[in-house]
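> my questions are about this predicted structure, shown below with the sequence.
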Amino acid sequence: MRDLKSMDLNEMTAFMKDLGEPAFRGKQVYQWLHRGAASFEEMSNLSKPLREKLSESCFITVPQVERKLVSRQDGTIKYLWRLRDGNCVETVLMRYHHGNTVCISSQVGCRMGCTFCASTIGGKVRDLTPSEMLDQVLFTQLDSREEISNIVLMGIGEPLDNFDTVLRFLELVNSPDGMNIGMRHISLSTCGLTEKIDKLAQHQLQLTLSVSLHAPDDETRSKIMPVNRSVGVEKLFDSCRRYFETTGRRISYEYAMIDGVNDSDWQADLLVKQLKGTPGHVNLIPLNEVAESPFHPSRRIRQFQERLEKQGVTATVRRKLGGDIDASCGQLRRKHMEDEKP
Ligand code: SAH
């Protein structure tokens with residue numbers, strides 16, 4: 001059985017031709033799928049024999065709402081979707097002044113092992129498919145009846161560890177015959193897989209690359225992010241510089257402020273030094289406490305921010321949304337897994 005929604009328009013058109021159909025059928029089916037059609041019966045401009053042929057050889061992914069939490073504080077919505085094979089992933093809809101932003105997952109679980117993150121605790125179960133990534137945007141929009149204008153790949157999983165799928169997803173969600181969301185409205189966040197950052201640069205996409213830095217020195221970064229042990233901060237910044245030179249796009253650095261771990265003055269000063277020469281923006285994130293982790297939020301966010309700003313590095317503090325619904329990623333899926341244990 002083929003996963004129809006993971007095909008791009010060219011593949012879909014070729015597929016229809018193989019079935020003996022005219023080329024324009026490809027576009028028709030593509031448009032149905034990207035509007036959220038859940039079955040072939042709905043596709044009223046296709047003949048009955050074609051609909052039957054399609055349902056014999058293909059499937060349409062339709063995630064089910066397993067849990068839906070709505071924040072009373074700010075209207076943030078968190079979805080736990082159940083996928084075809086029973087696995088669950090999270091998506092968060094956030095309302096900002098500049099439009100609705102959806103935060104989507106790229107894998108079921110994660111194998112990067114960051115010690116402060118809830119998503120990685122059970123390891124990686126599997127990669128998502130392009131259709132499963134698209135569905136998170138599509139069905140969040142359909143269920144919430146809110147138009148989505150921005151996407152961040154900051155949910156469960158490491159997007160660059162599922163590279164080809166993520167590229168295909170970007171093509172699908174950006175497509176004029178689909179949701180048509182502009183690349184400049186999309187951010188991709190990575191823990192810093194340098195080879196993949198170099199590979200991504202070659203595609204010259206206009207999206208925003210966010211690098212989860214969290215510490216400017218190898219000792220600290222390797223402690224909290226195992227991915228750093230093989231690469232190191234210096235090589236990571238080399239790769240970021242190349243990315244900027246190739247794409248002309250500024251990188252945004254994410255920095256979750258952890259009490260007594262990465263929030264001292266010397267770390268702010270070192271960060272300033274590293275950012276010299278490449279324009280970049282620092283996003284300071286108040287740490288979300290994860291039950292299984294020993295870390296606590298820093299109380300020095302403002303001081304750290306001021307120290308960066310005084311030395312010419314722009315730094316913003318991320319507003320916390322959905323605090324009452326465990327909106328930070330990975331936590332709802334974990335809780336759900338605990339609840340389902342016999
Ligand atoms: N794997 C990718 C994207 C998913 S995580 C990455 O590492 O960037 C999205 C962001 O949330 C990352 O910056 C991640 O480091 C951060 N994050 C994870 N756990 C967190 C926590 N408990 N508090 C604050 N930020 C956290």
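Right, received. Where do you want to start?
> neighbours around Gly26, how many?
Residues lying near Gly26 (other C-beta atoms under 10 Å) number 23. C-betas here are computed from N, CA, C, even on glycine.
> so what's the backbone phi/psi at it?
phi -60, psi -50 (degrees, to the nearest 10).
> which ones are touching it?
Leu9, Met12, Thr13, Ala14, Phe15, Met16, Lys17 (C-beta atoms under 8 Å, 6 or more residues apart in numbering).
> mind doing that once more with 6 Å?
Applying C-beta atoms under 6 Å, 6 or more residues apart in numbering to Gly26 gives the contacts Met12, Thr13, Met16.
> what about these, which are in strands?
Among the contacts of Gly26, none falls in strands (DSSP state E).
> closest one of the residues you listed to the ligand?
Of all the contacts of Gly26, Met12 has the smallest distance to the ligand: 29.4 Å, by C-beta to the nearest ligand atom.
> tell me how far the closest one lies from Gly36.
Relative to Gly36, Met12 is positioned 16 Å away (C-beta to C-beta, to the nearest Å).
> who has more neighbours out of the two?
Legend: neighbour count by other C-beta under 10 Å for Met12 and Gly36, higher for Met12 (22 against 16).
> hang on, that one packs against Tyr30?
Yes. With contact defined as C-beta atoms under 6 Å, Met12 reaches Tyr30; the gap is 5.0 Å.
> which residues of this structure lie near the ligand?
Residues of the chain lying close to the ligand (C-beta under 6 Å from any ligand atom) are 112, 114, 116-117, 154, 158, 189-191, 212, 254, 256, 285, 287-288, 290, 328.
> which residue packs closest to Asp135, ignoring adjacent ones?
Pro63 (5.1 Å; C-beta to C-beta, 6 or more residues apart in numbering).
> show me what contacts the one you found?
When contacts are counted by C-beta under 6 Å, 6+ apart, Pro63 is found next to Trp81, Leu83, Asp135, Phe139.
> format those as a markdown table; extra columns: pLDDT and secondary structure.
Listed next are the contacts of Pro63 as a markdown table, based on pLDDT from 0 to 100; DSSP: H, G, I helix; E, B strand; the rest coil:
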| residue | pLDDT | secondary structure |
| --- | --- | --- |
| Trp81 | 98 | strand |
| Leu83 | 98 | coil |
| Asp135 | 98 | helix |
| Phe139 | 98 | helix |
